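Enquirer: Here is my input, please return the structure:
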Amino acid sequence: MQYRLDARSNTQLSVFALGGMRMSKDFAVCRQMVTEAHEAGVNYIDTAYVYSGSEEMFGRVLEDTGLRDKFYLATKLPLFLTKKYDDFDKYLNRQLERLKTDHIDYYLLHSLSGPEQLKRLRAIGIEDWIAAKRESGQIRRLGFSFHGRQTDFLKLLEMRDWDFVQIQYNYSDPNYQAGVTGLKKAAALGIPVMVMEPLLGGRLADSLPREAQEVFRKANPERSLAGWGFRWLYDQPEVTLCLSGMSKPEFWRDNIATANEAAPGMVTAEERTVYDEVSKILNKKTKVPCTGCAYCMPCPKGVNIPGCFSAYNARYAIKRSTGIQQYIMNSGFISQDFTGAGACVGCKACEKHCPQNIAVAEEMRAVRKTMEPLWWRIGHKAYHGRAVQGAMKLWQRNKK
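Expert: So this is what the prediction gives:
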């Protein structure tokens, strides 16, 4: 197993880590995964309060195997359920109970959307609470996971001295959300970057267009599609580690084998041409020629223009459900601030700044029509007064 340094705490972290979102709900399978991962040198586990059954499962497995102290454990405070100061302790205490531990090594503010949300958290006392929990040892390091606009990510980096950050990042769209710009900015500030969705929830392994799969397999018939995805990330020294949720032994064994070879600069010049060819295939299936440069931002109405276009394109280039999932995250579905295409008023202030000369207002109408059908609008309207599970069930019923 290869390791990279978390310079903030002088900690060596395995480049590959276990993610809890899509893990198996079978205790025996999860126990096998955790045990084999430990034996292979993996030392980081990531979960969250809202990952159904995940904290409880990891807690049971780590207690049963006696491996709690062999892993750095990360979980997340559910911001969308946190309304007042007492909620901070309410959820942390529940997480410590579920995970059967007395401390969290890497604690994240889950899906911190931007500066305004952090200001609201500060207004109800989160900074004092964090300081107290760090002093008590219940929280060792503090970071945040991000699913918003790149400009907001860059602002958040400057708003406090973060111990680490977690972003979605993969070769299918290097400019998505925080993107490569956010990755490099965080690294320049000395902030470790944990990467989630390295394979877009497995879609870069099982839902790639057939012609893209053929390009990869022609270049190296022995390498898995997942292996291609991870190599692209490990090649970049700014990436501290990659998270992956797996449900089958063949998946985690393949991913661990790739991590054993991880090194900055591991991608050859010939392999770069392969990624370029696959990118061209994906780009041909896109609807809007947006490069994610964000020159159009900020929008006067707060629309996440690059994020909307990225999700819209993913719907056609990768898979319908992929686009819907990305749109839910990019449009502020789970935060107080709606940033989807439906907020566009057609002022065209953005269009004069677009180097691609995109008719943004016109395209936004198409995005809204496609990505915000009636079921989505009803779910979004209902979400902010109800629990997250209800809204996500609505998406699950319509994702296929």
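Enquirer: Tell me the buried residues in the longest strand along the chain?
Expert: Secondary structure of the chain per DSSP state E: the longest strand is strand 139-146. Of all the residues in strand 139-146, those buried under the rule 16 or more other CB atoms under 10 Å are 139-146. C-beta here means a position set from N, CA and C on the backbone, and glycine is covered the same way.
Enquirer: could these go into a markdown table alongside distance to T101 and pLDDT?
Expert: A markdown table is the format used below for these (distance: CB to CB, whole Å; pLDDT from 0 to 100):
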| residue | distance to T101 | pLDDT |
| --- | --- | --- |
| I139 | 12 | 98 |
| R140 | 11 | 97 |
| R141 | 15 | 98 |
| L142 | 17 | 98 |
| G143 | 18 | 98 |
| F144 | 21 | 97 |
| S145 | 20 | 95 |
| F146 | 25 | 92 |
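Enquirer: so where do the strands sit in the stretch 51-200 of the chain?
Expert: Ranges of strands in the stretch 51-200 of the chain, per DSSP state E, counting those that start in this stretch, are 72-77, 104-109, 139-146, 164-168, 193-196.
Enquirer: Other residues contacting the third one?
Expert: Read it as strand 139-146. Strand 139-146 is contacted from outside by 8-9, 76, 92, 103-113, 130, 133-134, 153, 156, 162-168, 177-178, 182, 194, 196, using CB atoms under 8 Å, 6 or more residues apart in numbering.
Enquirer: go with 6 Å
Expert: Strand 139-146 is touched from outside by 104-112, 130, 133, 153, 162-167, 178, with contacts defined as CB atoms under 6 Å, 6 or more residues apart in numbering.
Enquirer: Check the shortest one too.
Expert: Where contact means CB under 6 Å, 6+ apart, the residues beyond strand 193-196 that reach it are 165-166, 168-169, 183, 186, 233, 239-243.
Enquirer: Return the distance of F216 relative to P198.
Expert: According to CB to CB, to the nearest Å, F216 stands 15 Å off from P198.
Enquirer: Who has more neighbours out of those two?
Expert: P198 (27 against 22; other CB atoms under 10 Å).
Enquirer: low pLDDT regions in the protein?
Expert: 291-293, 295, 332-337, 355-356, 376-400 (pLDDT under 70).
Enquirer: Skipping adjacent residues, who's closest to the residue most central in space within it in space?
Expert: With distances taken as CA atoms, centre = their mean, Q168 lies nearest the centre of the chain, 3.4 Å away. Counting by CB to CB, 6 or more residues apart in numbering, Q168 lies nearest to E197, which is 4.3 Å off, once chain neighbours are set aside.
Enquirer: per-domain residue ranges of the chain.
Expert: 3-274, 286-398 (automatic domain parsing).
Enquirer: Make a markdown table out of those domains and add distance to K280.
Expert: Converted to a markdown table, those look like this (distance: least, CB to CB, whole Å):
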| stretch | distance to K280 |
| --- | --- |
| domain 3-274 | 9 |
| domain 286-398 | 11 |
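Enquirer: Tell me the one of the buried residues of strand 139-146 nearest V50?
Expert: Relative to V50, the closest of the buried residues of strand 139-146 is S145; by CB to CB it sits at 11.6 Å.
Enquirer: re earlier: right, and the residue nearest to the centre of the chain touches Q177 too?
Expert: Yes. Using CB atoms under 6 Å, Q168 is in contact with Q177, at 5.5 Å.
Enquirer: what residues are shared contacts of these two?
Expert: Counting by CB under 6 Å, 6+ apart, nothing touches both Q168 and Q177.
Enquirer: how far away is the residue nearest to the centre of the chain from R98?
Expert: Noted for Q168: a distance of 25 Å to R98, by CB to CB.
Enquirer: List the contacts of the strand or helix carrying E211.
Expert: Following DSSP states H and E, one finds E211 within helix 210-219. Residues outside helix 210-219 that contact it (CB under 6 Å, 6+ apart) are 225, 228, 274, 277-278, 281.
Enquirer: Mind doing that once more with 10 Å?
Expert: 172, 204-209, 223-225, 227-229, 270-271, 273-282, 284-285, 317-318 (CB atoms under 10 Å, 6 or more residues apart in numbering).
Enquirer: Let me have the strands of the stretch 51-200 of the chain in CSV, extended by distance to Y51.
Expert: Shown next, in CSV, are the strands of the stretch 51-200 of the chain (distance: least, CB to CB, whole Å):
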stretch, distance to Y51
strand 72-77, 9
strand 104-109, 12
strand 139-146, 12
strand 164-168, 14
strand 193-196, 12
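Enquirer: Can you say which of these is nearest to V42?
Expert: So among those, strand 72-77 is nearest, using CB to CB, at 10.2 Å.
Enquirer: so the closest one versus strand 164-168, what angle?
Expert: 70 degrees (axes from the mean of the first three to the mean of the last three CA atoms, to 10 degrees).
Enquirer: Please put the alpha-carbon coordinates of strand 72-77 into PDB.
Expert: This file holds the C-alpha atoms of strand 72-77, laid out as PDB (Å, rounded to 0.1, in the frame of the first residue of the first chain):
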ATOM      1  CA  TYR A  72      -8.400   6.800  11.100                       C
ATOM      2  CA  LEU A  73     -12.200   7.200  11.200                       C
ATOM      3  CA  ALA A  74     -14.100   9.900   9.400                       C
ATOM      4  CA  THR A  75     -17.700  10.800   9.600                       C
ATOM      5  CA  LYS A  76     -19.900  13.900   9.000                       C
ATOM      6  CA  LEU A  77     -22.200  16.300  10.800                       C
END
